[in-house]
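Peer 1: Just to be clear, the model below is a prediction. Sequence and coordinates:
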Amino acid sequence: MPTVAPIDLDDHCLAVAFLEDVPVFALASGQVVRLDHGTHRHDLHDGLLATAVTLDGKSLISGGEDGKVMRLDADGTETTLRPAARKWVNAVAAGPQGVVAFADGRTATVLLADGTERTFEQARTIEGLGFAPKGLRLAMARYNGVSLVFVQGSAPAIDFEWKGAHNQVMFSPDGRFLVTAMQENALHGWRLDGKPGTEQRHMRMTGYPAKVKSLSWSNKGKWLASSGASSAIVWPFSGKDGPMGKGPLELGQRADTMVTCVACHPVEDLVAIGFGDGMVLAVRIADSKEALLRRPGKGPVTGLAWNKTGRLLAFGSQAGDCGVVDIAG
């Protein structure tokens, strides 16, 4: 039976993560709380807006209303990657080879591990950032589509157009697909493995009753789980055309509340699903078998993260009632 270690943080929790095996909770105020043999509080921002975990799982990158970009390591070391500035940092991303990106307004800045800095300008505000899993390619979500740039070299940007506001962007783990969450209740995707010069292949994923705020790829990229409905909507991506012509799975269906957050397990094909009433379920993709991980709480689940082995699940809520579930009991 899963056991829950609760912690009440009295603030809107925007994101949760594990840095190595240390759970951290990023709060809207700009404070990040680390649970490492006690509770450690780090006042990183005057208003937090965005977080990303580095690929080695050792650090949290954050951006805020104060214009700062910070790195917090598992041992509590704080590093200022960019000091306070006038513009809000509303998107951050971490990529291969220790690279970090952040967006403020219409500019994306990439910080390479050797200290080199590159900037990329867009005609519209950049709402989301995502790195390709291999090679230093950065996707920038904006109004009417995504621009894809190579961080090194001078190749021109590749534009993927689709009408509407795109506010999140992510690559599939194998790098074959690019997917955005939109301001309307939909996801949009493009195939990236087409021959040069051929027409872009679009993937429309619609029918959500609410905006999709949470996305998570399964460990091998065969499935993409999403919030925005009364069940977790899980799209199949194993075929060459991704989900086109196939319906999604609907996992953890509940009649009276919406799915607000999803997190795929790092080893098994199962999804942790957080709901608007604070409940958390684990559901196996193969047979929809459910396990209750947490009973309803004070507020909607706004953050979920597994540790590397998938034994521990950290959760955070809009009301600040957070905690860690040990699924082995």
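Peer 2: Perfect, I can see it now.

Peer 1: so where do the helices sit in this protein?
Peer 2: Under the criterion DSSP state H, the chain contains no helices.

Peer 1: Tell me where the model's unsure across it.
Peer 2: Residues of the chain meeting the criterion pLDDT under 70: 194-199, 329.

Peer 1: rerun at 90
Peer 2: Across the chain, the ranges flagged by pLDDT under 90 are 1-2, 10, 115, 134-136, 152-155, 193-201, 239-242, 244-245, 255, 328-329.

Peer 1: ok, Gly299 - contacts?
Peer 2: Shown in contact with Gly299 (C-beta atoms under 8 Å, 6 or more residues apart in numbering): Gly278, Ser317, Gln318, Ala319, Gly320, Asp321. The way it works is simple: take the backbone N, C-alpha and C, and place the C-beta from them, glycine included.

Peer 1: measure the closest residue to the second one other than its chain neighbours to Val92 for me?
Peer 2: If the residues on either side of it in the chain are set aside, Ser317 comes closest to Gly299, at 4.3 Å by C-beta to C-beta, 6 or more residues apart in numbering. Taking C-beta to C-beta, to the nearest Å as the criterion, Gly299 is separated from Val92 by 24 Å.

Peer 1: same thing with Leu72?
Peer 2: Leu72 is 12 Å from Val92, by C-beta to C-beta.

Peer 1: Now for those two: what residues contact both?
Peer 2: Shared contacts of Leu72 and Val92 (C-beta under 8 Å, 6+ apart): Ser62.

Peer 1: thought Trp88 was touching Gly64?
Peer 2: Yes. Counting by C-beta atoms under 8 Å, Gly64 is a contact partner of Trp88 at 7.3 Å.

Peer 1: what residues are shared contacts of those two?
Peer 2: Residues touching both Trp88 and Gly64 by C-beta under 8 Å, 6+ apart: Leu49.

Peer 1: Of those two, give the one with the bigger neighbour count.
Peer 2: Applying other C-beta atoms under 10 Å to Trp88 and Gly64 shows that Gly64 carries more neighbours, namely 24 against 17.

Peer 1: so what's that one bridging to?
Peer 2: Leu48 (DSSP bridges).

Peer 1: Surely it and Thr51 touch.
Peer 2: No. Using C-beta under 8 Å, Gly64 is not in contact with Thr51; the gap is 9.8 Å.

Peer 1: Run through the residues that contact Pro6.
Peer 2: The contact partners of Pro6, taken as C-beta under 8 Å, 6+ apart, are Asp321, Cys322, Gly323.

Peer 1: What separation is there between Ala101 and Ala52?
Peer 2: Separation of Ala101 from Ala52 (C-beta to C-beta): 9 Å.

Peer 1: who's in contact with the residue nearest to Ala85 when sequence neighbours are not counted?
Peer 2: Ranked by C-beta to C-beta, 6+ apart and with sequence neighbours excluded, the top spatial neighbour of Ala85 is Gly67, at 3.2 Å. When contacts are counted by C-beta under 8 Å, 6+ apart, Gly67 touches Arg82, Pro83, Ala84, Ala85, Arg86, Lys87, Trp88, Val89, Asp104.

Peer 1: can you pick the most crowded of those?
Peer 2: Greatest neighbour count in the contacts of Gly67, by other C-beta under 10 Å, goes to Val89: 26 neighbours.

Peer 1: Spatially nearest residue to that residue (excluding sequence neighbours)?
Peer 2: Here the residue nearest Val89, using C-beta to C-beta, 6+ apart, is Gly63, at 3.0 Å.

Peer 1: what do you get for Ala26?
Peer 2: In space, and not counting its chain neighbours, Ala26 is closest to Ala15: 4.4 Å by C-beta to C-beta, 6+ apart.

Peer 1: list the contacts for that neighbour?
Peer 2: Contacts of Ala15 by C-beta under 8 Å, 6+ apart are Phe25, Ala26, Thr51, Thr302, Gly303, Ala305, Gly316.

Peer 1: who's the last one bridged to?
Peer 2: Taking DSSP bridges as the rule, Gly316 bridges to Gly303.

Peer 1: From Gly76, how far off is it?
Peer 2: For Gly316, the distance to Gly76 - C-beta to C-beta - is 19 Å.

Peer 1: what sits in contact with each of Ala101 and Ala52?
Peer 2: Residues touching both Ala101 and Ala52 by C-beta under 8 Å, 6+ apart: Val92, Ala93, Ala94.

Peer 1: Surely the last one touches Ile61?
Peer 2: Yep, that's Ala94 we're talking about. Yes. With contact defined as C-beta under 8 Å, Ala94 counts as touching Ile61 (5.3 Å).

Peer 1: Which neighbours do the two have in common?
Peer 2: By C-beta under 8 Å, 6+ apart, Ala94 and Ile61 have these common neighbours: Ala52, Val53, Thr54, Val100.
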